[in-house]
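K.L.:
How does the following fold in three dimensions:
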Amino acid sequence: MALTESLDITLGSRLPAFSLEDAYGDVYTDSSLMGELGLLLIFTCNHCPYALAVWERLRRLAKIAYGLGINTAAINPNIHPDYPQDSPENMAKLIIEKNIPFPYLVDATQAVAKAYQAQCTPDIYLISAKMSLVYHGRIDDNWQDESSVKSHDLKGAILGLGNHKAVSRVQYPSMGCSIKWREK
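P.N.:
Predicted coordinates for the structure are as follows:
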């Protein structure tokens, strides 16, 4: 497990369009996933302890976001022969096991992760309905112990976007396992 932080991407950057299948073969695009006010997009996987530790938080945040007109989707860029636990088949199992209520997409070529400059799992993007970056950072200040969290960074950003208020420009990077890039 190589600890990696998300990159500092300029807020307001326009993010690229994408089209990906989920673990069941259904196709989703950025526009089909977009809520009235935005999209919470999480690059994640099945095996990383950082990613596994926050699925429940992401489920709760997705529910809050949805109530504010912001949809949620997750993307797995770790489709790699050395990590069979991240396969689409195992993604389908995790969807059931974790009761994931939003699309969990397969980035089989890793092209979307590269286009978004994703680095780690989880790597979190809150995107406005105009496909501009509003938030790129951590969920909160304690991935290991939710009871010790003092700063709910992502929740604050969701509430800001959802209530048409400014989102703090002070954003701390997400951290997690490095994305398992394939050789070309």
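K.L.:
Go through the chain and flag its longest helix.
P.N.:
helix 49-67 (DSSP state H).
K.L.:
Not counting its own residues, what contacts it?
P.N.:
With Cβ atoms under 8 Å, 6 or more residues apart in numbering as the test, helix 49-67 has contacts from 1, 35, 38, 40, 42, 44-46, 71-72, 74, 98-102, 120-122, 139-140, 143-144, 146, 154-155, 158-159, 162, 175-177. (C-beta placed from N, C-alpha, C; glycine too.)
K.L.:
what mean pLDDT does that helix have?
P.N.:
For helix 49-67, the mean pLDDT works out to 96.
K.L.:
same question, stretch 172-182
P.N.:
On average, stretch 172-182 scores 93.
K.L.:
the strands in this structure, which residues?
P.N.:
All strands of the chain, identified by DSSP state E, fall at 3-5, 19-22, 27-29, 38-43, 70-76, 104-106, 120-121, 123-128, 133-136, 175-178.
K.L.:
Make JSON lines out of those and add distance to Arg57.
P.N.:
Putting the strands of the chain into JSON lines (distance: least, Cβ to Cβ, whole Å) gives the following:
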{"stretch": "strand 3-5", "distance to Arg57": "18"}
{"stretch": "strand 19-22", "distance to Arg57": "21"}
{"stretch": "strand 27-29", "distance to Arg57": "22"}
{"stretch": "strand 38-43", "distance to Arg57": "11"}
{"stretch": "strand 70-76", "distance to Arg57": "12"}
{"stretch": "strand 104-106", "distance to Arg57": "16"}
{"stretch": "strand 120-121", "distance to Arg57": "14"}
{"stretch": "strand 123-128", "distance to Arg57": "11"}
{"stretch": "strand 133-136", "distance to Arg57": "15"}
{"stretch": "strand 175-178", "distance to Arg57": "13"}
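K.L.:
Tally up the residues packed near the spatially closest residue to Met175 that is not a sequence neighbour, please.
P.N.:
Nearest non-adjacent residue to Met175, counting by Cβ to Cβ, 6 or more residues apart in numbering: Glu5, 4.8 Å away. As a burial measure, Glu5 scores 16 neighbours (other Cβ atoms under 10 Å).
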